[in-house]
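Novice: pasting the sequence and the predicted model now:
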Number of protein chains: 2
Amino acid sequence: MDRLIEKIAELQNPTVAGLDPKLAFVPEFIKAECFNKYGKTLEGAAAALLEFNKRLIDALCDIVPAVKPQAAYYEMYGWQGVKALCETIAYAREKGMYVITDGKRNDIGTTMEAYATAHLGTTDIDGEEVDAFGADALTVNGYLGSDGIKPLLDICQKKDKSIFVLVKTSNPSSGELQDRKIGDKSVYETMGEMCEGWGEGSRGRFGYSAVGAVVGATYPEMLRELREKLPHTFFLVPGYGAQGGGAEDAKYAFDKNGLGAVVNSSRGIMCAWKKEDGATERDFAEAARREALRMRDDLRSVIGAMGA
Amino acid sequence: MDRLIEKIAELQNPTVAGLDPKLAFVPEFIKAECFNKYGKTLEGAAAALLEFNKRLIDALCDIVPAVKPQAAYYEMYGWQGVKALCETIAYAREKGMYVITDGKRNDIGTTMEAYATAHLGTTDIDGEEVDAFGADALTVNGYLGSDGIKPLLDICQKKDKSIFVLVKTSNPSSGELQDRKIGDKSVYETMGEMCEGWGEGSRGRFGYSAVGAVVGATYPEMLRELREKLPHTFFLVPGYGAQGGGAEDAKYAFDKNGLGAVVNSSRGIMCAWKKEDGATERDFAEAARREALRMRDDLRSVIGAMGA
């Protein structure tokens, strides 16, 4: 997790920009260009996503430390969309950004190893080592227990990568299972403790391990409780902005050094131009930058300096 | 779920063949051909997977009702591998097989809608409706609660598709979370009851809803318990063969009509030639067919006739 934390401290910004490029979010002039070239096809849609992402990355890369492409929005456009995911990851890394693929992958044994290899490792093709997706971090679902997490730990260590395990998600129905009590502890607390355990061997120089947790900004009390109970687990915090969470909610995710979490905004940044008076879709990248700066300052105002 | 059940009854075979084509499982002569053409690249690997799958599908399609490609083994070979997944799905469907994409996808709201659209629905590209992956069913993880499942139900209804939610998985550590008690019920039982609830509106002519459950053959007692408690939930049962479960274990997944479940075998079928005396890799497809027939007869011997 050190590389992400260093980048956050360098830019004094604990934001990750979600790249969830539904076609409906992509400006018409980009779509028109791409449909003109490839038709209204999966290839045309994928080209539009990639162009949209590249311009957002260009506008954000010197002020935002990380991006989080959401795999679902690429899979929706077939293998062509998945190719755009691959190219987005490469482009963002080229620009120095830390890339968290939001795939919530989960499986067991050799199958989980395959996901680990796919998203964080290198694939062996008869002796040749090739990056398949090559992100820095991956979100995962821990419902299957250690068999689903251990295959990732090895790659995290060897390749200096990270994972974020779903602990308490930001959605309204997250409590249906996650808040239920196992003895005197909730399911999310139990999952959080499992994260601390899985991360034991990989603590870095800021005290955080390679095993992070997803904890929603929409449940600030639980965020506060988990920050206290999971001192070595770095948080990925969704729910800021469009989902209703604010800096006052997200602040509980941070430790006394202003570290401990990265806060996500997707639509808030991608579609910022829609909320600016007089802005048009041509301004989407500049508006995204302005919103990212506003969010950074909003978070800074409650957290203070990041990293002692 | 009716289309799957009809196919099972037609072939009197409740087997799903897992297509988990790790490159190490693909015969050398197929790899040599593909590497010769495309080099030792992701493209070459993907071509080998597709060729392997096609020959397996040809050998199985008149005796096995369904295939289950495991997404991880395609993602491991980049977008090129994901393209091979897409082509495998299309090929199997062309040959009349029911296709369950094993992706264990999970997310919330519009993001889960994107996964539903990607794997089971059709993608809207500015008015054009296109299949992205076009499978018949998808495995999903229900840790996020109803917000992660409801976006799928609509597509299941409209397009006659199904989902399988992870309830009790076949791996050794599945109990770390799934067996823990919430009050007097285990987590897996709670998840199973949620499946019954989610499926309420989509029961078909055999009494089973579009919301199935994954329950491992490696826990036969729990299989028996869940079959009783979840009368409208069709089971996808992994763990037969390589993971140690047998027909005697799997039989608890079935109802009195010999229906109620489909049992998966992946390596057992794909790599059957390795266990046959005197077989070489050139015999892989015929050996897969022989193993599929043996497995069918093994299951039939404990279940009897399927569908009254």
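Specialist: Looks like it arrived, so ask away.
Novice: pLDDT below threshold where in chain A?
Specialist: For chain A, the stretches with pLDDT under 70 are A:242-243, A:308.
Novice: separation between the residue positioned nearest the centre of it and chain B?
Specialist: Note on chain A: the residue nearest the mean C-alpha position is A:Lys68, at 3.7 Å, using CA atoms, centre = their mean. Using CB to the nearest CB, to the nearest Å, we find A:Lys68 at a distance of 12 Å from chain B. Where you see a C-beta, it was placed from the backbone N, CA and C, and this is true even at glycine.
Novice: skip the chain neighbours and tell me the closest residue to that residue.
Specialist: Excluding its sequence neighbours, the residue lying closest to A:Lys68 (CB to CB, 6 or more residues apart in numbering or on different chains) is A:Ile100, at 4.4 Å.
Novice: is it fair to say the one you found lies in a strand?
Specialist: Yes. Under DSSP: H, G, I helix; E, B strand; the rest coil, A:Ile100 sits within a strand.
Novice: number of nearby residues for it?
Specialist: 27 (other CB atoms under 10 Å in any protein chain shown).
Novice: quick one: the helices in the stretch 51-200 of chain A?
Specialist: Along the stretch 51-200 of chain A, counting by DSSP state H, counting those that start in this stretch, helices occupy A:72-75, A:78-94, A:109-119, A:146-159, A:175-178, A:187-198.
Novice: ok, the stretch 201-308 of chain A next?
Specialist: Using DSSP H, counting those that start in this stretch, helices in the stretch 201-308 of chain A cover A:220-229, A:247-250, A:267-270, A:284-303.
Novice: mind putting these into CSV with mean neighbour count and distance to A:Gly18?
Specialist: Compiled in CSV, these are given as follows (neighbours: other CB atoms under 10 Å in any protein chain shown; distance: least, CB to CB, whole Å):
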stretch, mean neighbour count, distance to A:Gly18
helix A:220-229, 17, 18
helix A:247-250, 20, 14
helix A:267-270, 22, 7
helix A:284-303, 19, 11
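Novice: just to revisit the earlier point, what bridges to the residue nearest to the centre of chain A?
Specialist: Beta-bridge pairing for A:Lys68 (DSSP bridges): A:Gly18.
Novice: dump the helices of the stretch 51-200 of chain A to JSON lines, plus mean neighbour count and distance to chain B.
Specialist: As requested, those are exported to JSON lines (neighbours: other CB atoms under 10 Å in any protein chain shown; distance: least, CB to the nearest CB, whole Å):
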{"stretch": "helix A:72-75", "mean neighbour count": "28", "distance to chain B": "4"}
{"stretch": "helix A:78-94", "mean neighbour count": "23", "distance to chain B": "4"}
{"stretch": "helix A:109-119", "mean neighbour count": "24", "distance to chain B": "4"}
{"stretch": "helix A:146-159", "mean neighbour count": "19", "distance to chain B": "4"}
{"stretch": "helix A:175-178", "mean neighbour count": "22", "distance to chain B": "4"}
{"stretch": "helix A:187-198", "mean neighbour count": "21", "distance to chain B": "7"}
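Novice: of all the ones you listed, which one is nearest B:Ala279?
Specialist: helix A:109-119 (23.1 Å; CB to CB).
Novice: just checking, what packs against that closest one?
Specialist: strand A:98-105, strand A:137-140, helix A:146-159, helix B:72-75 (3 or more CB pairs under 8 Å, 6 or more residues apart in numbering or on different chains; DSSP states H and E).
Novice: try 6 Å this time
Specialist: Judged by 3 or more CB pairs under 6 Å, 6 or more residues apart in numbering or on different chains; DSSP states H and E, helix A:109-119 is in contact with helix A:146-159, helix B:72-75.
Novice: want to throw these into JSON lines with distance to A:Ile125?
Specialist: What follows is the helices and strands packed on helix A:109-119, written out as JSON lines (distance: least, CB to CB, whole Å):
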{"stretch": "helix A:146-159", "distance to A:Ile125": "17"}
{"stretch": "helix B:72-75", "distance to A:Ile125": "13"}
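Novice: looking at the ones you listed, which is closest to B:Glu113?
Specialist: Going by CB to CB, the one of these nearest B:Glu113 is helix B:72-75, 20.9 Å.
Novice: give me the contact list for that closest one.
Specialist: Identification of contacts with helix B:72-75 by CB atoms under 6 Å, 6 or more residues apart in numbering or on different chains yields A:107, A:111, A:114-115, A:118, B:20-22, B:81-82, B:84-85.
Novice: how about stretch A:283-300?
Specialist: For stretch A:283-300, contacts defined as CB under 6 Å, 6+ apart pick out A:13-15, A:27, A:55-56, A:59-60, A:63-64, A:247, A:265, A:269, A:272-273, A:276, A:279.
Novice: just stretch A:250-258 next, same as before
Specialist: A:217, A:220, A:223-224, A:227, A:235, A:237, A:240, A:260-261, A:263, A:302-306, A:308.
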